[in-house]
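**Student:** Mind folding the following:
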Amino acid sequence: MNCKRLAAWCLALGLATVLGTAGLAAQDTKLVIGGTTYTKWLWGNQRYDGSVYNFTTVPGEGFGDNGQGSEVELLLSARVSKQVEVHGRLHSRFNQNFWTNFGGFGGTNPALQSSPTPCIAGDCGENDPRSNQYLKLRGVAVTLTPGYKWIDSATIGANDFGQFDPFVIGRFRYIDRDNASGLLFQGSGASRRWTWDAVRISLPRLFAGPNFSTGPFHAADAAYGYQTKFTVSPKFDLGFILNYNNDIEIDATDNNFDNGRDIRTRFRDQVGGFKFGVHPNPKVDWTGQYYHSWSDSVKDLTPTSFFGLSGFSPVPAGKHDDSSWKTDLSLSDPFGVGLSFNFQVFDIGANYVALMASRREADVLLTEGHDATFAFPGPNNAKFGVFASGSTPNADGFNRSVIGYGGWDGNMQQIPTINVDNEFTDFDEPAAETVIGWKGFTVVPTWSLGGLDLSAEFTHVGYNTDWQAFDNPNQPVTATVYPVMELDTGVGHNFRSAYEPFQDKKTDLAVLKGKYTIAKGKGIDVFGKIKYIKEKDNRLNDARFLPYKAGDCPGGGTACAGNKNFYSTGNTTADIYGNPPVITVNGITGYQWKPFDSLSDDDRDLKYSMAQLGAGYQLTDDLYASLTYEYFHAKLQDGDTAFQAYNLHEMASGTHEKNVLSLKARYILAGAEIGFEYQYAYGTFDPDFGGGFVVQYADATIAKDHQVPVGSPGFTGRFGGWNSLDKRSFDQQRIKAFMKVQF
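**Tutor:** Residues are numbered from 1 along each chain as shown. Reported below is the predicted structural model:
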């Protein structure tokens with residue numbers, strides 16, 4: 001038996017033994033063992049089989065839309081006494097545990113290779129814990145309820161910390177919600193009209209710091225939090241919350257080991273906030289929340305900038321402080337006719353940094369936001385898709401569409417951090433998007449009349465990230481403290497992109513949706529929605545930031561002079577918007593791409609609409625099924641060939657049409673839940689990149705690298721990427737079926 005697997009089972013047996021032995025101490029103590037099995041079946045015509053998950057951005061993890069896998073979760077609990085409870089969770093994971101692995105035997109061993117190949121698609125078998133069907137300790141906690149007046153309980157160990165606030169400390173792990181561990185103390189007074197929670201959480205070393213790291217010395221890194229709530233009366237409540245995150249390192253200058261080692265702070269982050277609720281009567285409810293953050297990354301221990309226009313990090317570099325707030329007013333049927341209203345005003349700071357805020361599984365704004373079917377810059381949801389895709393399709397998703405043309409179902413959840421976690425998800429699960437920098441208001445009326453439910457929404461969003469040259473014209477535009485992630489080009493809102501070098505943006509969103517139950521048989525549920533988004537972003541809106549002097553590229557086959565325009569001493573946008581060479585194709589001479597000589601070259605103008613219609617029916621007492629059709633249309637100007645989607649992504653200017661047909665079913669059978677979704681997404685993208693350049697035609701190398709026909713039109717950009725001018729057609733089919741059994 002594989003040693004790691006044996007160790008895991010020994011751990012399970014040991015934990016069960018400890019709990020069982022403790023149970024002998026009291027006759028009423030009982031060890032309870034329960035669990036869940038989850039089996040998943042994926043099928044899709046992308047033919048990826050890197051992992052039994054549709055999506056990840058983590059290099060080397062693999063992703064896939066084909067495969068079958070099973071996992072098991074064992075839940076152990078025991079009440080040792082009236083004051084002591086123990087909970088443990090052992091869990092296997094899908095990862096690359098395909099049924100086709102035949103139990104995880106054999107496989108490639110990277111340790112024996114001179115040039116190790118990545119462990120994806122289960123290829124490493126028993127030599128990789130992601131494919132050897134290991135069982136792992138996922139969470140263990142002890143809860144003490146001593147019966148003292150000054151404390152209600154203390155929990156030592158694993159927790160999801162969802163009892164706090166998504167703006168400050170929230171659920172930040174999707175797959176295993178209790179991966180985080182810490183010390184949680186809770187108390188109350190005044191007949192529980194006053195409650196408090198205090199916590200010390202060990203910082204997750206994999207992501208909770210600049211550059212997705214807490215540095216080499218991680219064992220003492222921690223987040224500290226305290227919140228208290230007062231119910232002054234049934235009509236008024238008040239709460240406060242504080243959080244301090246401290247990432248420390250050993251001081252390399254302390255060479256005297258005899259008296260211990262000094263430490264230094266690598267990164268720290270502080271958040272304070274308060275919230276209130278006013279409830280004068282059952283029809284009126286008013287709440288408000290305000291938070292302020294302070295963050296600091298030490299320059300010699302963390303990145304000072306994030307690699308120009310391709311930087312990734314969960315927090316900005318350097319020192320920042322900013323606030324975020326929102327207020328909500330709910331009027332429940334004030335006129336007695338079934339018509340209710342919800343209002344929200346919000347302002348999320350551009351420099352608001354809450355390291356431990358919710359990474360998903362929260363929705364902090366009232367608006368339904370963007371649709372998750374458009375989640376990345378490319379027309380088919382590829383990122384960096386302008387570059388050649390390589391020969392290992394399952395290895396990483398650097399420059400291809402991972403989730404696929406269909407994206408995710410539904411609309412995005414909104415979360416107050418750029419540290420968004422959509423990892424290890426499938427297309428039928430909710431996706432999240434950052435709202436850092438958003439400010440505006442939302443109005444949502446709802447009306448119920450008999451079997452008819454109607455709701456509408458209007459949201460206006462402005463942006464605290466409206467700036468030129470990252471709001472610092474004294475620095476190079478390629479040396480920003482802001483991690484831009486995938487940037488904000490394409491049809492939708494790239495889910496973790498909050499910062500662009502130049503932005504002058506506003507968004508208006510309107511929604512109308514309804515549901516009606518037709519009294520036929522067991523009742524036919526008919527539902528639908530229409531949605532419209534208008535978005536305008538002038539991006540670079542000041543001529544002093546144009547990359548070259550006026551008239552630098554005169555046209556007529558004459559080469560550009562190269563006279564750079566400097567917006568401050570030594571700084572120019574020519575660093576990202578270089579001039580084109582002169583080329584001749586089929587007797588036509590001109591520029592390889594349009595020179596960036598106009599403020600309109602990077603303008604964004606989106607007119608987006610979608611319509612949904614569906615019906616569902618309870619076919620039997622155990623089986624419910626629904627059929628939904630959705631149509632998406634986007635007319636998008638997202639810069640021309642001078643802009644080139646920041647030279648990093650496929651250009652998306654043109655007309656997008658997408659159709660999505662979904663068949664869903666849910667079957668419940670005495671402890672077993674079976675779910676199924678078939679989805680067929682198809683559509684077109686008709687590019688319109690403007691003029692001012694010479695059209696090129698794909699040779700055999702370009703055709704192979706970019707999967708386009710030989711001789712098809714397009715152009716080669718600044719970094720060698722290829723943008724096709726052909727009208728593209730997309731066709732994606734996919735299935736996810738699952739069975740969940742609790743025992």
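**Student:** Test my guess that Ile120 contacts Ser51.
**Tutor:** Yes. The pair Ile120 / Ser51 is scored as a contact, 7.1 Å apart, by CB atoms under 8 Å. To be clear about C-beta, it is placed using only N, CA and C from the backbone, and glycine gets the same treatment.
**Student:** Neighbour count for the two, which is higher?
**Tutor:** Neighbour totals were compared for Ile120 and Ser51, and Ser51 leads with 28 against 25 (other CB atoms under 10 Å).
**Student:** Which residue, other than its chain neighbours, is closest to the more buried one?
**Tutor:** Of all residues not flanking Ser51 in the chain, Gly62 sits nearest, at 3.8 Å (CB to CB, 6 or more residues apart in numbering).
**Student:** biggest strand in this structure by residues?
**Tutor:** Using DSSP state E to define each element, the chain has its longest strand at strand 263-281.
**Student:** That one pairs with which strands?
**Tutor:** Strand 263-281 pairs in its sheet with strand 236-250 (antiparallel), strand 284-297 (antiparallel), by DSSP bridges.
**Student:** how about the first one as PDB, C-alpha atoms only?
**Tutor:** This file holds the C-alpha atoms of strand 236-250, laid out as PDB (Å, rounded to 0.1, in the frame of the first residue of the first chain):
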ATOM      1  CA  PHE A 236     -31.800  49.400  17.000                       C
ATOM      2  CA  ASP A 237     -28.600  47.300  16.900                       C
ATOM      3  CA  LEU A 238     -25.000  48.300  16.700                       C
ATOM      4  CA  GLY A 239     -21.700  46.400  16.000                       C
ATOM      5  CA  PHE A 240     -18.000  47.000  15.800                       C
ATOM      6  CA  ILE A 241     -15.200  44.900  14.200                       C
ATOM      7  CA  LEU A 242     -11.400  45.100  14.300                       C
ATOM      8  CA  ASN A 243      -8.800  43.000  12.400                       C
ATOM      9  CA  TYR A 244      -5.000  43.100  12.400                       C
ATOM     10  CA  ASN A 245      -2.900  40.900  10.100                       C
ATOM     11  CA  ASN A 246       0.800  40.400  10.800                       C
ATOM     12  CA  ASP A 247       3.200  38.700   8.400                       C
ATOM     13  CA  ILE A 248       6.700  38.600  10.000                       C
ATOM     14  CA  GLU A 249      10.200  37.400   8.900                       C
ATOM     15  CA  ILE A 250      13.400  36.700  10.600                       C
END
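**Student:** CA atoms of the longest strand of the chain as CSV?
**Tutor:** Provided in CSV are the C-alpha atoms of strand 263-281 (Å, rounded to 0.1, in the frame of the first residue of the first chain):
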residue,chain,number,x,y,z
ILE,A,263,12.0,39.6,13.6
ARG,A,264,10.7,42.1,11.1
THR,A,265,7.3,42.9,9.7
ARG,A,266,7.0,41.9,6.0
PHE,A,267,3.3,42.9,5.6
ARG,A,268,0.6,44.2,7.9
ASP,A,269,-3.0,45.1,7.4
GLN,A,270,-5.5,46.6,9.7
VAL,A,271,-9.2,47.0,9.3
GLY,A,272,-11.7,48.7,11.6
GLY,A,273,-15.4,49.1,11.0
PHE,A,274,-18.9,49.6,12.5
LYS,A,275,-22.4,48.8,11.4
PHE,A,276,-25.9,49.6,12.6
GLY,A,277,-29.4,48.5,12.0
VAL,A,278,-32.6,50.6,12.5
HIS,A,279,-35.9,48.6,12.4
PRO,A,280,-38.7,51.0,13.3
ASN,A,281,-41.5,48.7,12.2
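**Student:** Which positions within that strand qualify as buried?
**Tutor:** Across strand 263-281, burial judged by 16 or more other CB atoms under 10 Å covers 264, 266-273, 275-277, 279.
**Student:** Surely the residue nearest to Ser51 is in contact with Asn54?
**Tutor:** No. Contact status for Gly62 versus Asn54: not in contact, 11.1 Å apart, counting by CB under 8 Å.
**Student:** can you pull the contacts of Phe738?
**Tutor:** By CB atoms under 8 Å, 6 or more residues apart in numbering, the contact set of Phe738 is Tyr38, Thr39, Lys40, Trp41, Ile674, Gly675, Phe676.
**Student:** and with 7 Å instead?
**Tutor:** Counting by CB atoms under 7 Å, 6 or more residues apart in numbering, Phe738 makes contact with Tyr38, Thr39, Lys40, Gly675.
**Student:** Give me the contacts around stretch 269-277.
**Tutor:** Outside stretch 269-277, the residues that touch it by CB under 7 Å, 6+ apart are 167-168, 237-245, 287-295, 353-355.
**Student:** Count the residues that sit near the closest residue to Gly721 other than its chain neighbours.
**Tutor:** Spatial nearest neighbour of Gly721, chain neighbours left out: Val386 (3.2 Å); criterion: CB to CB, 6+ apart. Per other CB under 10 Å, the neighbour tally for Val386 reads 26.
**Student:** In this structure, where is pLDDT below threshold?
**Tutor:** Where the chain drops to pLDDT under 70, the residues are 1-29, 173-178, 307, 389-399.
**Student:** Show me it divided up by domain.
**Tutor:** Following automatic domain parsing, one gets these domains for the chain: 1-145, 529-534+545-743.
**Student:** closest to Val491 out of these?
**Tutor:** For Val491, the closest of the domains of the chain is domain 529-534+545-743, at 4.8 Å, according to CB to CB.
**Student:** Ends of the closest one, what's the gap?
**Tutor:** 39 Å (CA to CA, to the nearest Å).
**Student:** Is it correct that Ile436 is in contact with Asp347?
**Tutor:** No. Using CB atoms under 7 Å, Ile436 is not in contact with Asp347, being 11.4 Å away.
**Student:** If you count surrounding residues, which of the two has more?
**Tutor:** Between Ile436 and Asp347, counting by other CB under 10 Å, Ile436 is the more crowded of the two (29 against 19).
**Student:** Lys704 looks like it's in a helix, true?
**Tutor:** Yes. Looking at Lys704 with DSSP: H, G, I helix; E, B strand; the rest coil, it is inside a helix.
**Student:** contacting residues around it?
**Tutor:** The contact partners of Lys704, by CB under 7 Å, 6+ apart, come to none.
**Student:** rewinding a little: now tabulate the strands paired with strand 263-281 in JSON lines and tack on mean neighbour count.
**Tutor:** As requested, the strands paired with strand 263-281 are exported to JSON lines (neighbours: other CB atoms under 10 Å):
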{"stretch": "strand 236-250", "mean neighbour count": "19"}
{"stretch": "strand 284-297", "mean neighbour count": "19"}
